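**Q** after the sequence you'll find the predicted model.
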Amino acid sequence: MSKVVVGMSGGVDSSVAAWLLQKQGYEVIGVTMQIWQDERTDLSGENEGCCSLSAVEDARRVAWQLGIPHYVMNFKKEFKTQVMDYFVNEYICGRTPNPCIACNRFVKWEALLARSLGLGADYIATGHYARVERLLNGRFALRISATAAKDQTYALYNLTQEQLSHTQMPVGAYTKEEIRQIAEELGLSVARKADSQEICFIPDHDYAGFIRRERGQALEAGNFVDRNGRVLGQHKGIIHYTVGQRKGLNLSLGRPVFVVEIRPDTNEVVIGEANDVFTDRLICDKLNWMAIDGLHGEERQVKAKIRYSHKGAPCMIRELESGRVECHFLEPVRAVTPGQAVVFYEDDYVLGGGTIQ
């Protein structure tokens, strides 16, 4: 019998994932990842996170209901280094990070998988809405979930072939309501538990405040400038802004204006008009190929998503020097944001992706 470690966040998706694998004949072990840095600041109540102390109790209760063992594993160090420090450093460098992608790649997979394999497990599993398939070319790839509204492949594009070969994602074949219905029929206490929202380690959504506390100091104010360098006003610090932002600028120019660029070297935030936020081109690096092992000089038309909520747009991709890829969209897209991921899709499969420069 194959053994699988299920990352149980205390939510309905991972809870039902454990039951589905149990039903398929796997020996299932539930594990909740301890990532909070200080129990005094643990998230609770309406702001509880996916790995909070209260989430541990929910996961433990579900494991008891399913009759499977449940453990809590400490991943504080990995989470601090790979997610929290990365988040802070990216904002300071004028980029907009995606901490969930970093957490998936380096904590929920790399760290958990290594520890699980060391315990004799064959697979790890999560409650993500995605499907893992092995293609005819022998490579493992993610296929979009059965419900496009909940598809989470964008945040998983950076998983390696080794990680995918040891991964199960059973809820990807179901809709959210089907998963909740299964949980209710099983009598699971989390059947109608609300989904976790936003960034788990910043429950008050005050990103700038979190960055100031982590650094122990505030970032300096600087100038808002137009694209010609003319000073328009003063900003509060570049960590408060992201490309495409309109609200919270406190600029009285008599018309709507938007952030079009952040320049950390000069501590400037560039302001432009609505049409300045659109572009038909981006360059990305830190590529991770999934359904294929690279472009090998070929130019290829794909659908590309430039943020989690983006529906995707057709574009041509081609290799540049130094392992970078240029994406040329057939029509301009809004708010291409350095630091975010661009993920390429072909026939419902993740082809690969990278980080927007």
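**A** That came through, no problem. Numbering: from 1, shown residues only.

**Q** show me what the lengthiest strand in the chain is packed up against.
**A** Secondary structure of the chain per DSSP state E: the longest strand is strand 278-289. Packing partners of strand 278-289 (3 or more Cβ pairs under 8 Å, 6 or more residues apart in numbering; DSSP states H and E): strand 325-334, strand 349-356. Backbone N, C-alpha and C define where each C-beta goes, glycine included.

**Q** give the next helix or strand downstream of the first one.
**A** What it means is strand 325-334. Toward the C-terminal end, the helix or strand that comes next after strand 325-334 (DSSP states H and E) is strand 341-346.

**Q** buried residues in that following strand?
**A** 341-345 (16 or more other Cβ atoms under 10 Å).

**Q** partner strands of it, parallel or antiparallel?
**A** strand 300-305 (antiparallel), strand 349-356 (antiparallel) (DSSP bridges).

**Q** so for it, mean pLDDT?
**A** Averaging pLDDT along strand 341-346 gives 98.

**Q** cool, stretch 87-107 as well?
**A** Stretch 87-107 comes out at a mean pLDDT of 96.

**Q** show me which residues of that stretch are buried.
**A** 87-88, 90-92, 94-107.

**Q** which residues of the stretch 101-250 of the chain fall in helices?
**A** Assigned by DSSP state H, counting those that start in this stretch, the helices in the stretch 101-250 of the chain fall at 112-118, 161-165, 176-186, 207-215.

**Q** Arg131 is nearest to which of those helices?
**A** Among the helices of the stretch 101-250 of the chain, helix 161-165 comes nearest to Arg131, with 10.9 Å by Cβ to Cβ.

**Q** buried residues, that closest one. List them.
**A** 163-164.

**Q** does anything pack onto that helix? Which helices or strands?
**A** Counting by 3+ Cβ pairs under 8 Å, 6+ apart, helix 161-165 packs on strand 140-144.

**Q** pull out the CA atoms of stretch 341-356 and give them to me as CSV.
**A** Coordinates of each C-alpha in stretch 341-356 appear next as CSV, following Å, rounded to 0.1, in the frame of the first residue of the first chain:
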residue,chain,number,x,y,z
ALA,A,341,4.8,35.5,-12.2
VAL,A,342,3.9,35.0,-15.8
VAL,A,343,2.6,31.5,-16.4
PHE,A,344,2.3,29.9,-19.9
TYR,A,345,-0.6,27.5,-20.8
GLU,A,346,-1.1,25.3,-23.7
ASP,A,347,-4.2,23.0,-24.1
ASP,A,348,-5.1,23.3,-20.5
TYR,A,349,-1.6,22.4,-19.3
VAL,A,350,1.0,24.5,-17.6
LEU,A,351,3.9,24.8,-20.1
GLY,A,352,6.1,26.8,-17.7
GLY,A,353,6.5,30.2,-16.3
GLY,A,354,8.9,32.7,-14.9
THR,A,355,9.3,36.0,-12.9
ILE,A,356,8.5,39.2,-14.6
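
**Q** where does pLDDT dip in the stretch 1-150 of the chain?
**A** 37-53 (pLDDT under 70).

**Q** what's the closest of the buried residues of strand 341-346 to Arg324?
**A** Relative to Arg324, and with distances defined as Cβ to Cβ, the nearest of the buried residues of strand 341-346 is Val342, at 11.6 Å.

**Q** and that closest one, how far is that from Val225?
**A** 27 Å (Cβ to Cβ, to the nearest Å).

**Q** mind listing what's buried in the longest strand of the chain?
**A** Applying 16+ other Cβ under 10 Å to strand 278-289 flags 282, 284, 287-289 as buried.

**Q** which one of the residues you listed is nearest to Gly120?
**A** Among the buried residues of strand 278-289, and counting by Cβ to Cβ, the member closest to Gly120 is Asn288, at 28.1 Å.

**Q** now the closest one, which residues is it bridged with?
**A** According to DSSP bridges, beta-bridge pairing links Asn288 with Gly353.
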